[in-house]
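[1] Got a predicted structure plus its sequence, pasted below:
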Amino acid sequence: MTGVIKMKTVLIAEDDTIFLKLLASSLRENHPQFDILTAENGKQAVTILNQHRISLLITDVKMPEMDGLALLAYVNENFPFIPCFVMTAYETPELRQKLPKDIRKFLRKPFPADRLGQEIQKILQQEAPKGMLSGISVSSFMMMIEMEKKTCILEVNLPDGEKGLFYFEKGILCNAVSSGLKGEEAALKFITRKKARFSFRPLPQKKIAKLPEMTLKDLVQKASALDMPLEKMEEKADTAPELNLSGVFVSSDRKYGGKMVVKHLSISDIRMKFDLKPEIMIDSKLSIEFNLDDQPRSHISKEVIVTGIDRFFVDAEFCSKEHYDRLGPYLHFNGLDEKNW
């Protein structure tokens with residue numbers, strides 16, 4: 001049907017009913033092009049998310065029943081393509097400089113309702129590539145916990161199956177545990193990972209051994225300085241020469257496949273270009289095969305998990321550390337030292 005404009009739906013989650021009604025009525029009056037839905041806590045918001053196609057989520061952090069951080073964790077896992085605004089009473093000029101880039105906007109309460117309408121317009125006028133994944137990084141979640149002075153255990157699950165527990169008391173990271181690692185060593189392993197799933201637990205009553213006093217900013221800087229397989233390496237990969245390794249791919253259920261070209265390669269990540277199939281989605285598992293050179297016995301077969309899709313490329317992470325073997329020449333070509341893998 002031609003001539004029909006599809007309205008975009010904005011969901012606002014806020015437990016202050018007076019402020020919520022003020023925001024909703026102002027947006028409906030001044031921005032009738034948006035359909036405004038409201039929720040008074042995270043549980044109501046989850047129900048609405050599963051019943052409607054939401055274009056933008058705006059959430060407070062401190063809410064009853066299910067708070068804003070738990071809601072963001074749910075959205076990160078189930079609706080990673082939905083951009084998020086976070087309303088907070090704790091944002092300061094100092095914090096503004098280090099706010100996570102994967103949260104589209106932090107709004108310091110109170111703020112004028114007309115400002116919110118302007119910010120919504122800016123975001124919803126931007127056309128994101130179909131299938132593009134946003135999601136929230138580990139450091140971003142930790143930063144919000146620190147900013148809101150939340151007491152909890154943050155459980156982090158990475159795409160490769162690794163799990164970490166982070167203990168926060170009033171926003172301070174007290175300790176971390178993962179696969180036999182404890183404290184700073186465990187924290188450094190996770191803190192700059194960009195793709196993860198999150199959940200929360202209450203902090204136990206028993207006393208917890210605490211890390212030496214160190215801010216999240218210090219931990220992120222230390223992780224980068226130690227050349228963890230994270231931001232620093234990803235930056236090198238972004239500036240590396242472009243590869244053109246031809247190969248093939250097939251889905252884990254072997255229902256579809258085809259030819260592909262490897263454009264970038266790093267210790268943990270791979271970027272491929274091929275004709276997108278409708279079946280390819282975020283978290284799809286693929287088997288890929290390609291040659292590292294023209295010599296015999298250079299045939300490589302790997303398993304990867306898709307982490308991002310845009311118009312031209314598919315980004316993925318290797319499923320396990322064993323899949324890094326025999327990549328030495330091309331890791332070196334991308335500016336990565338073999339000692340790091």
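    Perfect, I can see it now.
[2] Could you export the longest helix along the chain as CSV, keeping only the C-alpha atoms?
    In the chain, taking DSSP state H as the definition, the longest helix is helix 17-30. Presented in CSV, the C-alpha positions along helix 17-30 are these (Å, rounded to 0.1, in the frame of the first residue of the first chain):
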residue,chain,number,x,y,z
THR,A,17,4.7,8.3,37.2
ILE,A,18,4.4,12.1,37.2
PHE,A,19,7.7,12.5,35.3
LEU,A,20,6.7,9.7,33.0
LYS,A,21,3.3,11.2,32.1
LEU,A,22,5.0,14.6,31.5
LEU,A,23,7.5,13.1,29.1
ALA,A,24,4.9,11.0,27.3
SER,A,25,2.3,13.8,26.9
SER,A,26,4.9,16.3,25.7
LEU,A,27,6.2,13.8,23.1
ARG,A,28,2.7,12.9,21.9
GLU,A,29,1.8,16.6,21.5
ASN,A,30,5.0,17.8,19.9
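[3] which residues of this protein fall in helices?
    Along the chain, counting by DSSP H, helices occupy 17-30, 42-51, 68-78, 93-96, 113-124, 138-147, 183-190, 216-225, 231-238, 328-333.
[4] So which of these is nearest residue 307?
    Closest approach to residue 307 among the helices of the chain is made by helix 231-238 (11.7 Å; C-beta to C-beta). C-beta here means a position set from N, CA and C on the backbone, and glycine is covered the same way.
[5] tell me the mean pLDDT for the closest one?
    For helix 231-238, the mean pLDDT works out to 43.
[6] And stretch 196-209, by the same measure?
    On average, stretch 196-209 scores 80.
[7] can you check stretch 220-228 too?
    65.
[8] Could you do stretch 304-313 as well?
    Mean predicted confidence for stretch 304-313 is 74.
[9] got a list of what residue 71 touches?
    By C-beta atoms under 8 Å, 6 or more residues apart in numbering, the residues touching residue 71 are 13, 42, 45, 46, 57, 59, 63.
[10] For these, name the two members farthest from one another.
    So, the contacts of residue 71 by C-beta to C-beta: farthest apart are 57 and 63, at 12.9 Å.
[11] Quick check: neighbours shared by those two?
    Joint contacts of residue 57 and residue 63 (C-beta under 8 Å, 6+ apart) are 13, 71.
[12] Number of residues surrounding the closest residue to residue 210 other than its chain neighbours?
    Spatial nearest neighbour of residue 210, excluding adjacent residues (C-beta to C-beta, 6 or more residues apart in numbering): residue 174 at 4.6 Å. Residue 174: 18 surrounding residues under other C-beta atoms under 10 Å.
[13] which residues are in contact with the longest helix of the chain?
    Contacts of helix 17-30 (C-beta under 8 Å, 6+ apart): 10, 12, 14, 34, 36, 38, 40, 109-110, 113-114, 116-117, 120.
[14] List the buried residues of it.
    Neighbour counts over helix 17-30 (16 or more other C-beta atoms under 10 Å) mark 19, 20, 23, 24, 26, 27 as buried.
[15] Tell me how far that helix lies from the chain's centre.
    30 Å (C-alpha atoms, centre = their mean, to the nearest Å).
[16] ok and that helix relative to helix 113-124, angle-wise?
    Helix 17-30 and helix 113-124 are oriented at 60 degrees to each other (axes from the mean of the first three to the mean of the last three C-alpha atoms, to 10 degrees).
[17] What mean pLDDT does helix 17-30 get?
    The pLDDT scores in helix 17-30 average 92.
[18] What ranges in the stretch 1-150 of the chain fall below the confidence cut-off?
    Residues of the stretch 1-150 of the chain meeting the criterion pLDDT under 70: 1-6, 90-104, 126-135.
[19] switch the cut-off to 90
    Filtered on pLDDT under 90, the stretch 1-150 of the chain yields the residue ranges 1-8, 31, 33, 61-62, 64-65, 67-70, 72-73, 75-150.
[20] ditto for the stretch 151-300 of the chain
    Using pLDDT under 90, the stretch 151-300 of the chain drops low at 151-152, 157-162, 168-175, 177-300.
[21] where along it do the strands fall?
    152-157, 163-169, 172-178, 181-182, 197-201, 245-251, 257-265, 269-273, 285-291, 299-309 (DSSP state E, counting those that start in this stretch).
[22] same for the third one, what does it pack against?
    It stands for strand 172-178. Where contact means 3 or more C-beta pairs under 8 Å, 6 or more residues apart in numbering; DSSP states H and E, strand 172-178 is packed against helix 138-147, strand 163-169, helix 183-190.
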